[in-house]
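A.B. asks: A structural model of the following input is requested.
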Amino acid sequence: MRPGIALIGRRVCLVCLLAGIWIICPRLPAEAATTERIVVNRFSGVAIEGFDPVAYFVDGAAVRGTAQFEANLWGAVWRFRNEGNRASFLSHPEIYGPQFGGYDPADIARGVVVAGNPRFFAIVAQRLYLFSREANRDAFVTNPERFLYEVGKRWPALQDKLGQ
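C.D. replies: Residues are numbered from 1 along each chain as shown. Predicted coordinates for the structure are as follows:
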């Protein structure tokens, strides 16, 4: 067999395999419109990788929520580990929701938007911040006022670009 035909055959097999996986896999439990103003999974619409935003305050840890306790807000699906956390979030989303839509404030201060990783977080002045890297979190917590000052100057323009 010629090398070109073998390559085409492999590609066809790969496409068939991927199509089969797509058909066999069950649909994700959460469906929502996604938005770039909030860090969401672009396929499922789930915010902050399904971590419970209230758990950061209650447990002081990153805890995954479940599809059993979901809420739709701001064009995203939020998951919680229990009904109490869900109710708290819906009562005060401005407090429990991650600041800057879950984008890393250290990166925003530099003028770029980078999605925060829900495992790298800090609560400062009773607000939740997510960071793309541990180093960003560590720098932020040593002098949050300096970062927030820079973010305040840059975030409005960056946020406007996210919605486009």
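
A.B. asks: that's a strand at residue 90, yeah?
C.D. replies: No: using DSSP: H, G, I helix; E, B strand; the rest coil, the secondary structure at residue 90 is helix, not a strand.

A.B. asks: Could I get the CA-only coordinates of the stretch of helix or strand residue 147 belongs to as CSV?
C.D. replies: Residue 147 is located in helix 144-162, with elements delineated by DSSP states H and E. What follows is helix 144-162, C-alpha atoms only, in CSV (Å, rounded to 0.1, in the frame of the first residue of the first chain):
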residue,chain,number,x,y,z
PRO,A,144,-3.8,43.3,47.3
GLU,A,145,-4.4,47.1,47.3
ARG,A,146,-1.6,47.6,44.7
PHE,A,147,-3.1,45.0,42.4
LEU,A,148,-6.6,46.2,42.9
TYR,A,149,-5.6,49.7,42.1
GLU,A,150,-4.1,48.6,38.8
VAL,A,151,-7.1,46.3,38.1
GLY,A,152,-9.4,49.3,38.6
LYS,A,153,-7.7,51.2,35.9
ARG,A,154,-7.6,48.3,33.4
TRP,A,155,-10.6,46.1,34.1
PRO,A,156,-13.4,48.3,32.5
ALA,A,157,-11.7,48.4,29.1
LEU,A,158,-10.8,44.7,29.2
GLN,A,159,-14.3,43.7,30.3
ASP,A,160,-15.8,45.6,27.4
LYS,A,161,-13.6,43.6,25.0
LEU,A,162,-14.8,40.3,26.6
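
A.B. asks: For the remainder of this discussion, apply numbering that starts at 52.
C.D. replies: Done: numbering now begins at 52, and the last item shifts to helix 195-213.

A.B. asks: So which bits of it are buried?
C.D. replies: Using 16 or more other CB atoms under 10 Å as the test for burial, helix 195-213 gives 195, 198, 199, 201, 202, 205, 206, 209, 210. Where you see a C-beta, it was placed from the backbone N, CA and C, and this is true even at glycine.

A.B. asks: No more questions from me, cheers.
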